[in-house]
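Chemist: Predicted model and sequence follow; I will ask about them next.
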Amino acid sequence: MLFRCIASMLLLCALPALAVDKLPPGVIAKMGDNELKVDELKAIIDSLPPEAKAQLANTPQDMTRVIRLEMLRRALAAEARTKGWDKRPEVIALMDRAREQILVSSYMNSVARPPETYPTEADIKAAYDQNAGQFLSPKQFRLSQVFVLAPAESDKAAFTKAQSKANDMAARAKVKSVDFPALAKAGSEHAESAAKGGDMGWVTEQNLIPELRDAVANLKKGDVAGPIKTTAGWHVIRLDDVKEKGVRPLPEVRDQLASALRVRKAQETEQAYLTFLTNKTPVVINDAELPKVQPAGAPK
């Protein structure tokens, strides 16, 4: 039931917005009698994990989805209260436990949160030096291409025509004075790269399909290879640049490393605090009473 409910909510969030009267200042959304104020939405966003906030910052359209989900949540909660669902004993028990869990999580986050001064630049540099192997970047190639789509081989006339075009493009591309970007824009059948003059951007060695990887391995900057036949068609490729495999520089991974150090520090602090509490006041378990709560079918 829960999964069906969530799926239905997500489906509703994809529907276009209906025309509504202008909302008053400070109110960002309304559904029936339920209003969502700007300050309330800010509080919801502040409670999200950092990666979720980054997602909202990078894709503003997701904000509408968050608002719709919150309004649907409020509408369902209001309906449940109207029907007295919040007065059911089993629901009260679950709500009490959830409330306590939120209290515990918030408190432990406060206890375990590292000081704002951590990690220092020295901490980050030391972690970088000790874990350089984790920051390896693979070999990368900057490639441009002219692509000719391969029709079905059963259509011999069309296949032969496409193959002839690929051979012609390769011959023209290998002329030293050729304007490769112009050639790609005019003749390539891969729309995305053709629009950029054939530029495929940086591609890691492992992400290249085997036929292209083998061809690129023997090229020098500026060299052209092809036509290279793949299942999709023929590629005429030019090697524009190479980045050799190596360790990513510290400035490139600094923020990632600082975040990881803060998470690890928080985990260590939390574990140390829990150990301190357990040692201070040990947990005592009455083994004789355990059978009374043992789930049916559990091993004896």
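Modeler: On my side now, so go ahead. Residues are numbered from 1 along each chain as shown.

Chemist: you'd agree residue 236 is in a helix?
Modeler: No - according to DSSP: H, G, I helix; E, B strand; the rest coil, residue 236 belongs to no helix; its state is strand.

Chemist: Contact partners for it?
Modeler: Residue 236 makes contacts with 145-148, 166, 169-170, 173, 224-228, as judged by CB atoms under 8 Å, 6 or more residues apart in numbering. Bear in mind the C-beta positions are built from the backbone N, C-alpha and C, glycine included.

Chemist: The protein: helices as residue ranges?
Modeler: Using DSSP state H, the helices of the chain run over 2-13, 38-46, 50-58, 61-82, 89-112, 121-130, 156-173, 180-187, 191-194, 210-216, 250-280.

Chemist: Could you identify which of those helices has the lowest mean pLDDT?
Modeler: If you rank the helices of the chain by mean pLDDT, helix 2-13 sits at the bottom with a mean of 44.

Chemist: Was I right to think residue 86 contacts residue 94?
Modeler: No - the criterion here is CB atoms under 8 Å, and residue 86 misses it with residue 94 at 10.4 Å.

Chemist: Walk me through the domains of this structure.
Modeler: Following automatic domain parsing, the chain resolves into domains at 2-87, 88-137+248-280, 139-244.

Chemist: I'd like those domains written out as a markdown table, with distance to residue 286 added.
Modeler: Shown next, in a markdown table, are the domains of the chain (distance: least, CB to CB, whole Å):
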| stretch | distance to residue 286 |
| --- | --- |
| domain 2-87 | 33 |
| domain 88-137+248-280 | 18 |
| domain 139-244 | 57 |
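
Chemist: Of the ones you listed, which stretch is the most buried?
Modeler: Neighbour counts (mean count of other CB atoms under 10 Å) averaged over each of these peak at domain 139-244, with a mean of 16.

Chemist: Now find how far off-centre it is within its chain.
Modeler: 30 Å (CA atoms, centre = their mean, to the nearest Å).

Chemist: Quote the end-to-end distance of it.
Modeler: 5 Å (CA to CA, to the nearest Å).

Chemist: so who does residue 212 touch?
Modeler: Counting by CB under 8 Å, 6+ apart, residue 212 has contacts 143, 228, 230, 235, 237.

Chemist: switch the cut-off to 10 Å
Modeler: Applying CB atoms under 10 Å, 6 or more residues apart in numbering to residue 212 gives the contacts 141, 143, 145, 200, 203, 225, 226, 228, 230, 235, 237.

Chemist: again, but for residue 45
Modeler: If you count contacts by CB under 10 Å, 6+ apart, then residue 45 has 52, 53, 56, 57, 63, 66 around it.

Chemist: go with 7 Å
Modeler: For residue 45, the contact set (CB atoms under 7 Å, 6 or more residues apart in numbering) comprises 53, 56.

Chemist: And the one 3 residues further on, by the same measure?
Modeler: If you count contacts by CB under 7 Å, 6+ apart, residue 48 has none.

Chemist: Phi, psi for it please.
Modeler: Note on residue 48: backbone dihedrals following degrees, to the nearest 10 are phi -70, psi 150.

Chemist: cool, and residue 119?
Modeler: Per-residue torsions, residue 119: phi -90, psi 150 (degrees, to the nearest 10).

Chemist: Please list all residues in contact with the residue lying closest to it once chain neighbours are set aside.
Modeler: Spatial nearest neighbour of residue 119, chain neighbours left out: residue 261 (4.4 Å); criterion: CB to CB, 6 or more residues apart in numbering. By CB under 7 Å, 6+ apart, the residues touching residue 261 are 119, 123, 124, 127.

Chemist: gap between the last one and residue 261?
Modeler: Just to be clear, that refers to residue 127. 6 Å (CB to CB, to the nearest Å).

Chemist: Next: the third one.
Modeler: Using CB to CB, one gets 7 Å for the distance from residue 124 to residue 261.

Chemist: that older thread, looking at the domains of the chain, spot the one closest to residue 287.
Modeler: Closest to residue 287 of these, according to CB to CB: domain 88-137+248-280, at 18.2 Å.

Chemist: distance between the ends of the closest one?
Modeler: 38 Å.

Chemist: One more: stretch 130-138?
Modeler: End residues of stretch 130-138 are separated by 20 Å (CA to CA).

Chemist: for stretch 77-96, same thing?
Modeler: 16 Å.

Chemist: what's it in contact with?
Modeler: Here stretch 77-96 has contacts from residue 34, using CB under 7 Å, 6+ apart.
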